[in-house]
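>>> Below are the sequence and a predicted model for it; my questions follow.
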Number of protein chains: 2
Amino acid sequence: MSYTSFNPPVRTLMGPGPSDVHPRVLTAMARPTIGHLDPAFIAMMEEIKGLLQYAFQTGNALTIPISAPASAGMEACFVNLVEPGEKVVVCINGVFGARMKENIERAGGVPIVVEDAMGTPVSPDKLEDALKTHRDARIVAFVHAETSTGVQSDAKTLAGIARHHDCLTIVDTVTSLGGSPLKVDEWGLDAVYSGSQKCLSCTPGLAPLTMNDRAVDKIKQRKTRVQSWFLDLNLVMGYWGSGKRAYHHTAPINTLYGLHEALAMLQEEGLEHSWARHRHQHLALRSGIEAMGLSFLVRESARLPQLNAIVVPEGVDEAVLRNRLLNDYNLEIGAGLGALAGRIIRIGLMGYGANMKNVMYCLEALEAVLADMRAPIRTGVAMNAAQNVAVPN
Amino acid sequence: MSYTSFNPPVRTLMGPGPSDVHPRVLTAMARPTIGHLDPAFIAMMEEIKGLLQYAFQTGNALTIPISAPASAGMEACFVNLVEPGEKVVVCINGVFGARMKENIERAGGVPIVVEDAMGTPVSPDKLEDALKTHRDARIVAFVHAETSTGVQSDAKTLAGIARHHDCLTIVDTVTSLGGSPLKVDEWGLDAVYSGSQKCLSCTPGLAPLTMNDRAVDKIKQRKTRVQSWFLDLNLVMGYWGSGKRAYHHTAPINTLYGLHEALAMLQEEGLEHSWARHRHQHLALRSGIEAMGLSFLVRESARLPQLNAIVVPEGVDEAVLRNRLLNDYNLEIGAGLGALAGRIIRIGLMGYGANMKNVMYCLEALEAVLADMRAPIRTGVAMNAAQNVAVPN
């Protein structure tokens, strides 16, 4: 076998992530590699910490990217905060809540499940009930923005309930960070992780993470050793801390260049402007989708602008639909996961990809393919509907 | 605070890794991101598997890059292969053997330590003795190429002893892969991990890993669940397997572009040519180093060509030496670790960086700075000595 250089096709990425990466971020990733203990690199690490604090809206000293994909950010929270035998209330309303439960079990914890249907937000009442029943639970875990359905839960309310019951919160913000309001300190979230490849428009491979002093104290007071060496935050903090750096692992240098650039761009745009842009492009997409006669999985008040779960019209094979969009239009959208496989498609409007060009292209392509598949949709109206929604600069 | 784009200084990387990354690899990393379930991406994953099989000299079906730095590759081996309560013989002759012991403990295993001094190879006799004493041990772990000292151990002999005692081997080849002979199948190594940022000249962030059927069978027969969700090879195999892909995590797309390019370059050059090139550049460096009157930590027969541990001359503050090389010459070399901190410097000749230009530049810079620091060295002879060593194309 002999292999030559890989030249990927140029796609438009409107699935659940990775999203379209901005040329500035790609360019940053190609800059010359330097050492991971180089003073110039350490200065950049400090800037990344500051930029992530801004993105998370937090003053937490422990605000860093974990050197691995978002799944490892999730695992970092659980293996550090959960001790064997400990009860953890976990709210499940989608695939990523279910993954949290797996993480709790593997960390030796005892999951107490609060369940809501896929596509509906986590119920604060059910959480309250669970905490009244399990008064010895000290941790509550939930997903702020469920990537599998595009539903957002009320993180502020859920965190308030958890704190009232003297519980720490572990919160998944993989799909929310940078794309819709997330205020770690104001909402009182304790341990929060995210991913680089969604609304930050960076390449996958890094998991931004932030923890406040309450969470860090719990880690410092552990009776047992953290089961993961790679994810042990006692060691990771020595590497990312502000004092003398202790070598832990070799950071993914060039991917961090990309994250730095993505975060600098977020700061240039302004976080609130970015949230508003995601919201406006979502409204444009929604107008077009509804004009076609398609419907959303999630009720309006709980919809994430950056991830749109749309019900597959009757008689349409969604795998065929997605394949045609990919092959004929170089357009990637996402499939349903778990119980929703085959029943929904997921259209991402994330980061750099949340722009009018993508919205119009997606609507055009979707209409053309669905019409060709003889789906029961209205044609010739979607683009106009979308364009009528005011789009900010 | 306001941050602008990060433009790293252009360094020459001659430390223990990351090594200089080839422009082709950097360019590959800047190619447009595509989805991690895109058929084009999956085809590239298959090519990476084939290319890694070549680099490792193995036919193992399970030959993949773990989506995280080499430390996570180490952890992947231990959390998958070690079950709680299981005895593991671990050979320690440097920092990374000691890290293996930590991993065994955190996986619930019972480490049986075979110790050798830093800078000397693992003793086959000591391993044999340990296995005779601990007949219930079923795993032997050792480091093929100790990055902390530049010593290589006789992996083939150690693996033979392990197999004779019906033990699986876990072998660290982070610094050897691509740089010096490593023959996974011929030597009978069972579970082997490496890193992308050493002799493959790729950016850090990926851990090539290969396991044969004996190792995979042990994982499949586990009585307990793998404690890590992210590193559970039962799940990772579903993602990287040759059948239908099951979504596990989002792979670091662009870093994998880089690895693909680095491996394609290794194949173009030829593995044996790469080994010879590392060896020749090492001989050139050695001639210059010895002409200056400096000496190596490791005895000649056990030296790794790609990592040269050189004893710091009397009266020289090695931190000052390294800082001056970095600041005045943009040249990064490595410090000693652990007990060797302050006593050695480590000069890497890895991958793309193993070239005559780097060797000459390093010798020039080292001589100039040491002379200026009034170190007891011979001057004016090193470059000539190095040039007299024949250098292959």
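Cool, the structure landed.

>>> Confirm for me that A:A70 is in contact with A:Y193.
Yes - between A:A70 and A:Y193 a contact is recorded at 6.7 Å, counting by Cβ atoms under 8 Å. Glycine gets a C-beta too; all of them are placed from N, C-alpha and C.

>>> anything in contact with each of those two?
A:V174, A:A207 (Cβ atoms under 8 Å, 6 or more residues apart in numbering or on different chains).

>>> Compare these two and say which is more crowded by neighbours.
Taking neighbours as other Cβ atoms under 10 Å in any protein chain shown, A:A70 and A:Y193 compare with A:A70 leading, 31 against 26.

>>> which residues does the more buried one contact?
Per Cβ under 8 Å, 6+ apart, neighbours of A:A70: A:V174, A:Y193, A:S194, A:G195, A:S196, A:Q197, A:P204, A:A207, B:H249, B:T250.

>>> Now that the last one has come up, it's in contact with A:P204, right?
Same thing as B:T250. Yes - the criterion here is Cβ under 8 Å, and B:T250 meets it with A:P204 at 4.3 Å.

>>> Give me the more crowded residue out of the two.
Remark: of B:T250 and A:P204, A:P204 carries more neighbours, 29 against 25, as counted by other Cβ under 10 Å.

>>> where's the more buried one, which helix or strand?
Under the criterion DSSP states H and E, no helix or strand holds A:P204.

>>> what's near enough to touch A:D172?
Here A:D172 is in contact with A:M74, A:F96, A:G97, A:M100, A:A141, A:F142, A:V143, A:H144, A:A145, A:Y193, A:S194 (Cβ under 8 Å, 6+ apart).

>>> what about the fifth one, which SS state?
Which is A:A141. Per DSSP: H, G, I helix; E, B strand; the rest coil, the local secondary structure of A:A141 is strand.

>>> That one: neighbouring residues, count only.
Counted with other Cβ under 10 Å, A:A141 comes out at 30.

>>> The closest residue to it other than its chain neighbours: neighbouring residues, count only.
With Cβ to Cβ, 6 or more residues apart in numbering or on different chains as the criterion, A:A141 has its nearest non-adjacent residue at 4.2 Å, and that residue is A:I170. Using other Cβ under 10 Å, A:I170 is surrounded by 29 other residues.

>>> I'd like the mean pLDDT over stretch A:70-77, please.
The pLDDT scores in stretch A:70-77 average 98.

>>> distance between that stretch and the chain's centre?
The chain centroid and the centroid of stretch A:70-77 are separated by 12 Å under Cα atoms, centre = their mean, to the nearest Å.

>>> next one: stretch A:160-180
That offset, for stretch A:160-180, works out to 13 Å (Cα atoms, centre = their mean).

>>> How about stretch A:26-37?
Averaging C-alpha positions (Cα atoms, centre = their mean) puts stretch A:26-37 25 Å from its chain's average.

>>> Which residues does it contact?
Contact with stretch A:26-37 is made by A:40-41, A:203, A:245, A:247, A:250-251, A:253-255, A:257-258, A:260-261, B:5-11, B:13, B:15, B:18, B:20-21, B:26-27, B:29-33, B:197, B:203-204, B:254, B:332, as judged by Cβ under 8 Å, 6+ apart.

>>> Leaving out the residues flanking it, which one is nearest to A:Y239?
A:H248 (3.9 Å).

>>> what does the domain assignment say about chain A?
As assigned by automatic domain parsing, chain A contains the domains A:22-267, A:270-387.

>>> Now do the first one: distance from first to last residue.
Going back to what we said before, that points to domain A:22-267. Domain A:22-267 has its terminal residues 15 Å apart, counting by Cα to Cα, to the nearest Å.

>>> Who are the contact partners of the closest residue to A:N388 other than its chain neighbours?
Excluding the flanking residues, the one nearest A:N388 by Cβ to Cβ, 6+ apart is A:S287, at 6.7 Å. Going by Cβ under 8 Å, 6+ apart, A:S287 touches A:A382, A:A385, A:A386, A:N388, A:V389.
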